[in-house]
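Novice: Show me how the following folds:
(2 chains)
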Amino acid sequence: MSWTKKVLRINLTKGTCTPEPLNMEWVEQFLGQRGLATKYLTEEVPPTTDPLSPENTMYMITGPLTGTMASTAGRYSVVTKSPLTNAVACSNSGGFFGNEMKCAGWDMIILEGKSPTPVYISINDDNAEILPADEIWGKSVWEADEWLHTKHQDPQLRCAVIGVSGEKGVLYSAIINDLHRAAGRSGVGTVMGSKNVKAIALRGSKGVTVNDPKAFFEATNAAKKILAENAVTGEGLPALGTQVLMNVINEMGAQPTHNYKEVSFAGASKISGEAMLEPRESDGKPNLTRNAGCFACTISCGRISTIDPQHFSVQNKDDLHHSYHANSGGLEYEAAWALGSDTGIDDLDALTYAQFVCNEQGLDPITLGSTIAAAMEMFEMGVITTEDTGGIELNFGNAEAMIKCTELVGKGEGFGLELGQGSARFCAKHGHPELSMTVRGQEFPAYDPRSIQGMGLGYATSNRGACHLRGYTVASEVLGIPVKTDPLETEGKAGLQIAFQNATAAFDSAGICIFTSFAWSLEDVAPQLNAACEGEWTPERLGEIGERVWNLERLYNEAAGVGACADKLPPRMTSLPANTGPAEGKVSGLATMLPEYYAERGWSPEGDVTTETKARLGL
Amino acid sequence: MSKVTVKLFASLMQYLPINSTKHHGFDYDITKNPTVGYLIDDLKLPRNVIHIVLLNGVYLDAETRDQKVLTDGDVLGFWPPVAGG
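Specialist: Prediction:
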């Protein structure tokens, strides 16, 4: 039984830390992590709750495999109501925090209410305390992390921290654990900041037990062998990380460029995974220092990078900023397109610096880059001027301007606070809501829906707003995993997207990384869960759990006012055809795919979850 | 002389000619009716490693590759199995 069956409920208003049993009845229906915490959210937080009020609750939760020896089993999720989207938020992170939480004896930590003063939560196995954080309030993630390690005199302390952006109400603040792993999207860090919680610092020494150790050993070994022998998880991801996609997506004409006006970027190869390997002139070193793995991961896709010491972004930084001159979590593809091609910037070191600032101050680089790109478009249209930007010449391609904006958003200062509201609010404020590339108020990821049709349907229906991590049909439409489908076709994409969405929800509820799904199906996950946990976990049951989780999220969004009415793409995607490449002349076929999607989901033609579907799934 | 541009990415970069001038790519002279399959063998690219082939951005499936005839100005991109997100 790899659940600890224990929950730590922290009421910040009352200042109490109270253990309670995990609801095992809900475990049977929702497994763990994303699914289980969403069930808690829907039962405890009314859908109309103001996300930044004390009435919102934040759930940090592991899955049943978290902390075990299953590959990638270091994951945890943060579930809450999002201040960016008003929809359900669920952000997943790796690193070493999730497994430490499980080892301390907790499946889930619940933060409810609001502390009257800045605090952090200290957890050492059973001992949980709410402690003053006055000394680190106003400090960066990196500074706070160092302070916590020094104060507790424990080098193995694991910390999940918000940056200044989260304190100042930037709506897409992330929670950063282990200095550069992020629960990144939908503003979960903003919710933590609204509760006056700076950090959770924990240490666990209990370990994690499994139901049948021998069977678990065999099942996890067999599954690791599959990852090792798969060309993507065994070779491609360790070598070039997610950034290997930059050239693929650009060459096929699906690269979001200049705020999604164009679908290819001339500078893509300069900011690609391949470019990160090239020695630079100044010191002969490449941008990429090495790859890195999270807890128990046998893939190790993470990037550890350095910035060119001669680059303008790091020159004249004082000692307090020494980390800019050292290694940190480097560019991932999602950061590289948003801060790079979308803003027209092909300066690899500038993008790496901006990524470092996102780590340092806890920011979602997708929403950040996309919001800056929208602001750049409005600047070039003359809608906003240097009077609005505080003197920044915000043209496409201006790396110094992008960096200045990133720093300001990170600190929640000046023009940065305005950009910190995200592109939907920023564009609406300036009279051009159509320039925000968002669904449910959350910015698109890295794939143009005109060129990869299934992804447009995925963005429009994603419960947490536009997202690539809810139904990654790129795997099939571009990469041929598990089978190749035509990215320009709409036919069959409803079923494909649903299959990806349901399976992803099951993976996200298990405590493992979604990247395993490039090699594993639910057939490979089920034996690991079966050996780890009580009960019988078949691939069919896991698929049904995924569908149940998806529908539960949808029901919450419907009640929150962001259900079917928000299943829309920005007009640019449905009326401005792609201008180059194989998709030239095409727009998104969302209008064709959406009715098919509703029907295949068992929803009404209007997109509402029907009574029959609810009954079938036990909702 | 007709030319196509060949681009090799990720682990296939090791097959780039030393004197390749374009980023990740080089020009390849074509004679009459050359196919993608002929080019792969002529350049000694490892067929068992090649997974994604894009001809002017359009995916060529494994069955089509050997027969597909190249024309002047085509851009061919090759990748091993890759993924990200």
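
Novice: tell me the contacts of the closest residue to chain A within chain B?
Specialist: Chain B approaches chain A most closely through residue B:84 (3.3 Å), counting by CB to the nearest CB. The way it works is simple: take the backbone N, C-alpha and C, and place the C-beta from them, glycine included. Neighbouring residues of residue B:84 by CB atoms under 8 Å, 6 or more residues apart in numbering or on different chains: A:237, A:241, A:242, A:243, A:244, A:245, A:301, A:332, A:333.

Novice: Identify the residue nearest it in space, chain neighbours excluded?
Specialist: Leaving aside its sequence neighbours, residue B:84 sits nearest to residue A:242 (CB to CB, 6 or more residues apart in numbering or on different chains; 3.3 Å).

Novice: Might one say that residue B:13 is in contact with residue B:26?
Specialist: No. Applying CB atoms under 8 Å, one finds residue B:13 not in contact with residue B:26, separated by 11.5 Å.

Novice: Touching stretch A:581-595 from outside, list them.
Specialist: A:252-254, A:263-264, A:448-451, A:453-454, A:456-457, A:460-461, A:487-488, A:490, A:493-494, A:497, A:567-569, A:573-578, A:605, A:607, B:56-58.

Novice: Now it: buried residues?
Specialist: Under the neighbour-count criterion of 16 or more other CB atoms under 10 Å in any protein chain shown, stretch A:581-595 has A:581, A:582, A:583, A:586, A:587, A:588, A:589, A:590, A:593, A:594 buried.

Novice: what's the offset of that stretch from the middle of its chain?
Specialist: On the basis of CA atoms, centre = their mean, to the nearest Å, stretch A:581-595 sits 26 Å off its chain's mean C-alpha point.

Novice: Would you mind measuring the gap between the ends of that stretch?
Specialist: 28 Å (CA to CA, to the nearest Å).

Novice: any idea of the mean pLDDT in it?
Specialist: Average pLDDT, stretch A:581-595: 98.

Novice: List the strands paired with the one helix or strand in chain A whose mean pLDDT sits lowest, with their directions.
Specialist: Least confident helix or strand of chain A, by mean pLDDT, DSSP states H and E, is strand A:328-329 with a mean of 90. When sheet partners are counted by DSSP bridges, strand A:328-329 sits next to strand A:302-305 (antiparallel).

Novice: and the closest residue to chain B within the stretch 101-250 of chain A, helix, strand or coil?
Specialist: The stretch 101-250 of chain A approaches chain B most closely through residue A:242 (3.3 Å), counting by CB to the nearest CB. Under DSSP: H, G, I helix; E, B strand; the rest coil, residue A:242 falls in the helix class.

Novice: so what's it up against?
Specialist: So, once contact is read as CB under 8 Å, 6+ apart, residue A:242 ends up touching A:273, A:301, A:332, A:333, A:334, B:84, B:85.

Novice: want to throw those into a markdown table with distance to residue A:353, pLDDT and secondary structure?
Specialist: Shown next, in a markdown table, are the contacts of residue A:242 (distance: CB to CB, whole Å; pLDDT from 0 to 100; DSSP: H, G, I helix; E, B strand; the rest coil):
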| residue | distance to residue A:353 | pLDDT | secondary structure |
| --- | --- | --- | --- |
| A:273 | 18 | 95 | coil |
| A:301 | 21 | 96 | coil |
| A:332 | 15 | 96 | coil |
| A:333 | 17 | 97 | helix |
| A:334 | 17 | 98 | helix |
| B:84 | 21 | 85 | coil |
| B:85 | 23 | 78 | coil |
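
Novice: Sweet, I'm off.
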